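>>> What follows is a protein structure lacking sequence information:
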């Protein structure tokens, strides 16, 4: 009996995906551009900065201070 299944070659090379580490000195827009998953995380933490015009000028640390959030906890969450 002849098998109709085709063999698939799987490459052993892994694509390296460089992840940017988020810092408090980055502007909020830099954070969102470098880590798209940060948008949902920021919104869930109560930071509506994603659609705010201050996102281009305000650092993540400034945004956290304005919203009463602990920058260290925010950084841990964003860098997961």
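Looks like it arrived, so ask away. These figures come from a predicted structure and were not determined experimentally. Numbering: from 1, shown residues only.

>>> show me what contacts the spatially most central residue of the chain?
A centroid search over the chain (CA atoms, centre = their mean) returns residue 35, at 2.7 Å, as the residue closest to the centre. If you count contacts by CB atoms under 8 Å, 6 or more residues apart in numbering, residue 35 has them with 19-20, 22, 78. (Glycine included, C-beta is placed from N, CA and C.)

>>> Just the buried residues from the residues you listed, in PyMOL please.
Selecting the buried subset of the contacts of residue 35 in PyMOL, with 16 or more other CB atoms under 10 Å as the burial test, is done by:
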select buried, resi 22+78
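
>>> so which of the contacts of residue 35 comes closest to residue 42?
Proximity of the contacts of residue 35 to residue 42, judged by CB to CB, is greatest for residue 78, which lies at 7.7 Å.

>>> My read is that that closest one contacts residue 40, right?
No: judged on CB atoms under 8 Å, residue 78 makes no contact with residue 40 at a distance of 10.7 Å.

>>> low pLDDT regions in this protein?
Counting by pLDDT under 70, the chain has low-confidence residues at 1-17.

>>> Helices of that one, start to end?
In the chain, helices defined by DSSP state H lie at 28-34, 38-44, 60-67, 71-78, listed in chain order.

>>> can you list contacts of the second one?
It refers to helix 38-44. Surrounding helix 38-44, the residues in contact under the criterion CB under 8 Å, 6+ apart are 22, 28, 31-32, 49-50, 77-78.

>>> redo that, cut-off 6 Å
Contacts with helix 38-44, where a contact means CB atoms under 6 Å, 6 or more residues apart in numbering, come from 31-32, 50, 77-78.

>>> Only the buried subset of these, as a PyMOL command please.
The following PyMOL selection, which keeps only the buried ones among the contacts of helix 38-44, applies the criterion 16+ other CB under 10 Å:
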select buried, resi 31+32+78
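
>>> Could you export the contacts of helix 38-44 as JSON lines, including distance to residue 58?
Converted to JSON lines, the contacts of helix 38-44 look like this (distance: CB to CB, whole Å):
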{"residue": "31", "distance to residue 58": "11"}
{"residue": "32", "distance to residue 58": "12"}
{"residue": "50", "distance to residue 58": "12"}
{"residue": "77", "distance to residue 58": "18"}
{"residue": "78", "distance to residue 58": "15"}
